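In: got a predicted model here, sequence first, then my questions.
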Amino acid sequence: MPELPEVEVTRLSFAERIAGARIERLRLGKPLRWPLGVEPDSLRGRRVLAVRRRGKYLLLDLDQGLLLLHLGMSGSLNFAPRQPEAGVHDHMDLVTDRGVLRLHDPRRFGAVVWAPAEDAPQARKLLDHLGVEPLGGAFEAAAFHAALRRRQAPIKQVLLAGDIVVGVGNIYASEALFMAGIRPTLRASQISRPRADRLHAAIVEVLARAVRQGGSTLRDFVNAEGKTGYFQLEAAVYGRAGQPCRVCGTAIRAIVQGQRSTFYCPTCQKH
DNA sequence: CCATATACCTGGCAGC
DNA sequence: TGCTGCCAGGTATATG
């Protein structure tokens, strides 16, 4: 479900409401991607100080340690004063005196991991290799181009890897490359500085717009207030195989790269 | 260091 | 209607 914009929109929808809350208990359902890493009862009485985001991870800063949350492919969070009885896919309830933060995740690729500190091994394993934040102001075109020059893999896969810039998932990778007029199969190292600049701008633009619109493109995205679907950013190429390009009318093409589908316009993205 | 394949798990949908 | 096969927003980990 979530790429960076959806994770950020989720964060914004509950961060202020949960800040300062006291944890009463943590209930876990079926196993997620990794074990929590601590006895759930030991979190009782901790306070949630803030909710930050790093890439697609949400970091719940506690007055002692932190919780790292990931939504995987199908996860969503809901924060409400109370929750209905947990369903089969509700795998975490963080019960606080301000409300219950519930993780709903049918595929269970998501995660809830406790770490004693952000620089502790449990957190570093997940965060250390992450690239720069695209919306934080630290994402610079020159450094982006320099990083791309060192990579021989197709640009689409380099973007997805997330070790140069975080947050660009399968949908926005195709969308940003379309916006920049770059063929997804082009080796990253072959991208000139001017074209890297265009791609840099396209990534910022597509992600920022999606955050602004409260989610994006995603069919079933719901933020932590349970709000959904008042937006619906139109995808230019993602999921539009065979349909006419909105710019030139050429049929959008679908290919597979690294076991993931990629969409592009063969005319607007010549190389 | 880099590139690629694999694994994890469930639900929805197209096609028969 | 019911079954089968395929596809899906992510990413750590193993392998070459």
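Out: Good, I have the coordinates. Numbering: from 1, shown residues only, chains lettered A, B, ... in the order given.

In: contacting residues around the closest residue in space to A:Ile155 that isn't next to it in sequence?
Out: The spatially closest residue to A:Ile155, leaving aside those adjacent along the chain, is A:Ala188, at 4.7 Å (Cβ to Cβ, 6 or more residues apart in numbering). (Glycine included, C-beta is placed from N, CA and C.) Listed by Cβ atoms under 8 Å, 6 or more residues apart in numbering, the contact partners of A:Ala188 are A:148-149, A:151-155, A:158.

In: ditto for A:Asp105
Out: Here A:Asp105 is in contact with A:32, A:71-72, A:74-76, A:89, A:91 (criterion: Cβ under 8 Å, 6+ apart).

In: let's see 10 Å
Out: Remark: with contacts taken as Cβ atoms under 10 Å, 6 or more residues apart in numbering, A:Asp105 is in contact with A:1, A:29-30, A:32-33, A:70-77, A:89-92, A:111-112.

In: among those residues, which are within reach of DNA strand B?
Out: Counting by Cβ under 7 Å from any atom of the strand, the subset of the contacts of A:Asp105 that neighbours DNA strand B consists of A:30, A:33, A:74, A:89.

In: helix or strand for the second one, which one?
Out: What it means is A:Arg33. Per DSSP states H and E: A:Arg33 is located in neither a helix nor a strand.

In: touching, it and A:Phe109? I think so.
Out: Yes. Shown here, A:Arg33 and A:Phe109 form a contact pair, counting by Cβ atoms under 10 Å, at 5.9 Å.

In: out of the contacts of A:Asp105, which are buried?
Out: The neighbour-count test (16 or more other Cβ atoms under 10 Å) marks A:1, A:29, A:32, A:70-72, A:74-77, A:89-92, A:111-112 as buried among the contacts of A:Asp105.

In: tell me which of the residues you listed fall in strands.
Out: Using DSSP state E, A:70, A:76-77, A:90-92, A:111-112 are the members of the buried ones among the contacts of A:Asp105 that sit in strands.

In: how deep is the residue of the stretch 51-200 of chain A found nearest DNA strand C tucked in, by neighbour count?
Out: Residue of the stretch 51-200 of chain A nearest DNA strand C, by Cβ to the nearest atom of the strand: A:Gly169 (2.1 Å). The criterion is other Cβ atoms under 10 Å. On that basis, A:Gly169 has 23 neighbouring residues.

In: tell me the spacing between it and DNA strand B.
Out: 13 Å (Cβ to the nearest atom of the strand, to the nearest Å).

In: separation between the spatially closest residue to that residue that is not a sequence neighbour and DNA strand C?
Out: Spatial nearest neighbour of A:Gly169, chain neighbours left out: A:Glu3 (3.3 Å); criterion: Cβ to Cβ, 6+ apart. As judged by Cβ to the nearest atom of the strand, A:Glu3 and DNA strand C stand 4 Å apart.

In: same check, this time on A:Gly214
Out: Per Cβ to the nearest atom of the strand, A:Gly214 is found 13 Å from DNA strand C.

In: that residue: neighbour count?
Out: Around A:Gly214 there are 19 residues (other Cβ under 10 Å).
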